[in-house]
Structures are given as C-alpha cells and as structure tokens.
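Peer 1: Any chance you could fold what I've pasted below:
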Amino acid sequence: MTPAVRLLLKQGIKHRTHAYTHDPEHPSFGLEASEKLGVASTRVFKTLIVAMGSGSFCVAIIPTSATLNLKRAAQCAQVKKVSMAARADAERVTGYTLGGISPLGQKRALPTMIDQSALDFTTIYVSAGRRGLEIEISPRDLKNLTNANYVELTNQLNCGTD
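Peer 2: Below you'll find the predicted structure:
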C-alpha cells in the first residue's frame, strides 16, 4: 500500500484504485495508464514537479493529453520563472519514483495547482504512488487533500464547449 492510498483510507475519502501491468518500454507513463485502463487521456492526470528557484518546488497536475505551459505555471505560482524539476529533485521532494509520483502522500506538502479541466469530470485518475497503479478520485477531494487551486495550466484550450 502506497502513502497515497494510506492517506485516502485514513481520511475516509471515496476512491477506487486501478492496477495494470506497467511496460517499462512505453514512452509515456500517463498515456500508458490511459490506454491500459481504457480511459480518455483528458481524464488521466499526470503529476509534474516544477522548480520555482531557490530550492523551492510546486506540483502541477495536468491531463496526460496536454503539456504544461510554464509561463502560466509561473504566473499561478507568483514567481518570475519556473522549470521542470530534475528527476532527482522530483523524487527527493516527493518520496516517489518518476512515473509513479502521486500528488497525495508526498514527503512534504508542496504548493499544488490542478488544471481547471479536472472540473469537467466527476472523477479523474492520478498516480497512486507507483507505476501501474492509479487512483480514481473526485477532483474536489483531490483539491481539498492537496490544498490546491484550480488554474489554467496547459497549452490545450479548455473552453468547456461541446
């Protein structure tokens, strides 16, 4: 059981876990989860660790179908510039291995932003803390557990139209 799953159980948060066999040759952890679970890539969210300078980091949770807009992330984090954290830094600050970084149960709470497109769904999928394991959770529960803000973080247009 991962720290993320333990946190959900301890808090009594409604969720479902979904396991699949991880293929180390797959080029994208998030897209692999989408494909293997048969869920739209817009509903499977990846957890990205962003370096804000001076040794500080934040979490950006975005759909696997999109890319992070670093300028928007910097604006939302209220800093001048951000960059993707180095693998070693991401693993050190979260306690998870790349490809299995969960937004829940990290070693220490980091400022967190969730792409507003999460609100388009009753539930979304995020890593449960290891490759091949996803948590299905309400975006509102995820927001509350991570003390996150909903913001526009991607290069994908989230207009909310049909």
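
Peer 1: mind listing the helices for this protein?
Peer 2: Ranges of helices in the chain, per DSSP state H, are 3-11, 29-37, 70-77, 87-94, 139-146.

Peer 1: To Thr112, which of the ones you listed lies closest?
Peer 2: Closest approach to Thr112 among the helices of the chain (CB to CB): helix 139-146, 4.2 Å. (C-beta placed from N, C-alpha, C; glycine too.)

Peer 1: Which stretches in the protein count as strands?
Peer 2: Here the chain has its strands, by DSSP state E, at 15-19, 45-53, 56-63, 83-84, 112-115, 124-130, 133-137, 149-151.

Peer 1: Which of those sits closest to Gln106?
Peer 2: strand 56-63 (7.7 Å).

Peer 1: And the closest one, what does it pack against?
Peer 2: strand 45-53, helix 70-77, helix 87-94, strand 112-115 (3 or more CB pairs under 8 Å, 6 or more residues apart in numbering; DSSP states H and E).

Peer 1: outside of stretch 86-97, which residues touch it?
Peer 2: Residues external to stretch 86-97 that are found in contact with it (CB atoms under 8 Å, 6 or more residues apart in numbering): 3, 49, 51, 57, 85, 98, 101-102, 105-108, 110, 127, 129-131.

Peer 1: which of those residues count as buried?
Peer 2: Burial by neighbour count, 16 or more other CB atoms under 10 Å: within these this picks out 3, 49, 51, 57, 85, 101-102, 105-106, 110, 127, 129-131.

Peer 1: Pick the one among these closest to Leu68.
Peer 2: Leu68 has its nearest neighbour among the buried ones among the contacts of stretch 86-97 in Ile49, at 10.7 Å by CB to CB.

Peer 1: is it true that Ser102 touches Ala4?
Peer 2: Yes: between Ser102 and Ala4 there is a contact under CB atoms under 8 Å: 3.9 Å.

Peer 1: Need the residues touching each of those two.
Peer 2: 127-129, 135.

Peer 1: can you list these in JSON lines and add pLDDT and distance to Lys80?
Peer 2: Compiled in JSON lines, those are given as follows (pLDDT from 0 to 100; distance: CB to CB, whole Å):
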{"residue": "Ser127", "pLDDT": "97", "distance to Lys80": "29"}
{"residue": "Ala128", "pLDDT": "97", "distance to Lys80": "34"}
{"residue": "Gly129", "pLDDT": "96", "distance to Lys80": "32"}
{"residue": "Ile135", "pLDDT": "98", "distance to Lys80": "33"}
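
Peer 1: That'll do, ta.
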